[in-house]
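Chemist: Quick one, fold the following:
(one chain, ligands or ions: 1)
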Amino acid sequence: MKILNYDIHLDIDFAGKKYSGTENIKIEKPDKKLELDINEIDIKGVKINGMDAVFSVSNTQLVVDNDSSDVIDLSIEFYTYNDPGLKGFYVAGDANKYILSTQFEESDARRAFPCFDNPLYKATFDLEVKIDKDLQAISNMPIKHEKIEANKKIVTFERTPVMSTYLLYIGIGHFDEMSTMYRNKRFYYAAMDGRLSKSSYPLDIAKKSVEYLENYTNIEYMLPKLHLIAVPEFAAGAMENWGAITFREILLNMDASSSSKSYRRSAEVITHELVHQWFGDLVTMKWWNDLWLNESFATFFAFKTVDAVEPSWNFFGDFLLDQTDGAYTMDSIINSHPINAEVSDPMGVSKLSYEIRYGKGSNVLRMIEAYTGNDVFMTGLRNYLKKFSYSNAEGSDLWNSIEEVSKKGISEIMNEWISKKGYPLLMAKKTDNGLLLTQEKFNLHGNEHEEWKIPLFINRFSGEQKILMEGKDLKLDGDIISLNKMHFGFYRVYYDNELFNNIIKNLDKISVFEKWGIINDMYALFLAGRMELTEFMRRMETFYKINEPVIIEEISKELYNLFIISQNIYFKDIVNFYIKDKIEYIEKNKSDDFNYKTVLSNLYSRLAYINSDFASKLVKKYSSFELVNPDERQAYLISRAVTGSDFSYFRDIIENSKSDEDKTKAIMACGILSENEDHDQIIDFIKSGRVKKQDADSFFTSMATYPESREFIVNNLETIVDLLFNIRVSNLRINRCVQTMISYGGLADPEKIKKDAEKIRRDEIEGGINKGLEFLEIFENAIKASN
Ligand SMILES: [Zn+2]
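Modeler: Numbering: from 1, shown residues only. Predicted coordinates:
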């Protein structure tokens, strides 16, 4: 069976937030039983080639009997109402002001219209919407024509290329737009009216990135136009609908209140979605078990692209701090899963870890690129994209394509890395004429065993050496400095004392990225109970003098986290000293350097929490919040909470600020509020609907992180989880929130939270609960090791 075309007409009652529709699906070689996916859609009638057809409807399927084997026209009349939460065709905004917008990945196109909601069934789409005359409509393709009928407007869009159902986009509302030309195509930045910022930053980034990607892939951007759309309520961060990419407002609406961190984050996410126009939209995975391939590629290539178009940003430093660190952490527990975890139904995707599918996958791709060489990797990729354009592929198709060019056994290496959970720890011991490497699986918790074929990037005095480690042990001879040059390899190393001392002697011959890895490894080895506190601190101190932003961020984050977890005054004193020293250095020497701004902003925030003198000074420095420098705003709000402002102060910002970034910063600071009254008001505030649904869980994530509110989290776990489900926060976000509430929040009373975790247990948050319980134990062990 082949789906050729969907011809969809939607009659939209914008004020009533509902619509009815008709569609005609053209199918070649149709099955005898046509099984269409539906979810909360009512079916009025079904015809095949104009004749009434026999059909039955269940909760999830519309089944139509068919006895034709030629091309058929399957016509369906249906209607639906718009309250699915932040998915399907949904209301994005509040009761007074909203747009209607779609979010179909992974399996919610079926909430908007009956369809074969499977990425493999690619088809063309003809879309037509009937809307109020004064409204606008945006879709994947440009508008073909508009026709006015009484007080209604019929908008017809041009036909799409063949594509998967989950990539269709429909947006209805009052929009403000700005646009620019890229070659002969128009690129738009759109937002709900009154919400468009004046900055053309998103379009500037988009143009540069598209140009880079066109050159890299050797394939021109395929659609006649591109929309970047800021959506007022959005469960995920962004979505790569072909030619009509949607984002949280915070990622596009850049203005004078935006911090340097948000500019970097915006560039990363815009580029990530643009990469998908090639990897994902043009070439799509056959089934959701290869979703990681889309996401890993988009993640890796977003960094690669931004690194190329903004070379001074040192963007792979952000990659290590974010993607590599996240993947290392999440992939070292028993409750991790392989990159290509089995997904039997699309709903199952939300059970998997973002840090594995995006983070680990992108790290493995970076490792393979470094192993094969950039040109070989690019050629393999170009061949793959060309071969599978407007079609579907599996991971193995890509490895085969790279292998054909590289002749390096890539398939075998990749298969190991994507099908085994975890990653290697290399134990490195000095020998008479070199060193001995022994690999094992790195565990933060538990005791699992595994072995990999590992591409090694050895840093020698004589230059870089790339070899493949096979088997448990490997002897290396000669002039070795360190074992993961540029931190290309996704593995940790535990150097024995002699080797570590040699590293310290030769620090100037080691890249910043590799230094980052060495520091990150030490922290993990301490958390895992493999390195004693004294040894960890002794090694750590040798890096205090380094003033690279990536290193300052890593060290201050580690020490700060150890204090947050343990509340041990020992760490507080050290991190206080370290951060003050680095702030002084940056303010004196690097205050205008863009790469230091984000780090400085984080240092201020951490210091504001641990040092009340600093907090008091910061509060006094500004007469009102609006005057605070964007890079100091998080620290300022934390300082407010530390120095006694109550919830009303933060509520005012959350309700009235035009900037989503300021709102989320205020929500973060609420975690520090310790009074019962504040906590009750926060719950009431969320229930009142005056905070975006997409942000509701952030209150609790923050409350769990800060020791002041942990007890509240422990005592109200069930209530909070019910609340999040009631307001229909996405499962992915609830999972993350639950994980943090159990792991960090649980530190206030581990025994109680372990019991209560069983009371909230249900299928949708199984992953979050299990991971939370496991990290709680890891933290408890680390606390014991710190005393
Ligand atoms: Zn993505």
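Chemist: Please count neighbours and contacts with C-alpha atoms only from this point.
Modeler: Noted.
Chemist: Next up, phi/psi of residue 158, please.
Modeler: When read as degrees, to the nearest 10, the backbone of residue 158 gives phi -60, psi 160.
Chemist: That one: what's it in contact with?
Modeler: 126-127, 141-144 (CA atoms under 8 Å, 6 or more residues apart in numbering).
Chemist: try 10 Å this time
Modeler: 125-128, 139-145, 224 (CA atoms under 10 Å, 6 or more residues apart in numbering).
Chemist: Residue 569 now?
Modeler: Contacts here follow CA under 10 Å, 6+ apart; on that basis residue 569 touches 563, 575.
Chemist: Quick one, grab the pLDDT at it.
Modeler: The model reports residue 569 with a pLDDT of 95.
Chemist: for residue 20, same thing?
Modeler: So, for residue 20, pLDDT stands at 96.
Chemist: do the same with residue 82
Modeler: Looking at residue 82, its pLDDT is 57.
Chemist: cool, residue 346 as well?
Modeler: You'll see residue 346 listed with a pLDDT of 61.
Chemist: how about the strand or helix carrying residue 396 as PDB, C-alpha atoms only?
Modeler: Per DSSP states H and E: residue 396 is located in helix 395-406. Provided in PDB are the C-alpha atoms of helix 395-406 (Å, rounded to 0.1, in the frame of the first residue of the first chain):
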ATOM      1  CA  GLY A 395      20.700   3.800  10.800                       C
ATOM      2  CA  SER A 396      22.500   1.000   9.100                       C
ATOM      3  CA  ASP A 397      22.100   2.800   5.700                       C
ATOM      4  CA  LEU A 398      24.100   5.700   7.000                       C
ATOM      5  CA  TRP A 399      26.900   3.500   8.500                       C
ATOM      6  CA  ASN A 400      27.100   1.600   5.200                       C
ATOM      7  CA  SER A 401      27.300   4.800   3.300                       C
ATOM      8  CA  ILE A 402      30.200   6.100   5.500                       C
ATOM      9  CA  GLU A 403      31.900   2.700   5.400                       C
ATOM     10  CA  GLU A 404      31.900   2.600   1.600                       C
ATOM     11  CA  VAL A 405      34.000   5.800   1.700                       C
ATOM     12  CA  SER A 406      36.100   5.100   4.700                       C
END
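Chemist: tell me what the helix or strand of the chain with the lowest mean pLDDT is packed against?
Modeler: One helix or strand of the chain scores below all others by mean pLDDT, DSSP states H and E: helix 354, with a mean of 88. Judged by 3 or more CA pairs under 10 Å, 6 or more residues apart in numbering; DSSP states H and E, helix 354 is in contact with helix 291-309, helix 325-330.
Chemist: Which residues does that helix contact?
Modeler: The contact list for helix 354 (CA under 10 Å, 6+ apart) reads 292, 295-296, 323, 326-327, 330, 360-361, 732, 736.
Chemist: what about the following helix or strand past it, distance to the chain center?
Modeler: Using DSSP H and E, the helix or strand that follows helix 354 in sequence is helix 361-372. Between the centre of helix 361-372 and the centre of its host chain there is 19 Å, according to CA atoms, centre = their mean, to the nearest Å.
Chemist: for helix 361-372, what is the average pLDDT?
Modeler: 97.
Chemist: Compute the inter-axis angle for that helix and helix 395-406.
Modeler: 20 degrees (axes from the mean of the first three to the mean of the last three CA atoms, to 10 degrees).
Chemist: Now do the helix or strand residue 558 falls within: which elements does it pack against?
Modeler: Using DSSP H and E, residue 558 maps to helix 549-566. Where contact means 3+ CA pairs under 10 Å, 6+ apart, helix 549-566 is packed against helix 315-319, helix 512-527, helix 533-541, helix 569-589, helix 594-610, helix 696-705, helix 707-715, helix 766-786.
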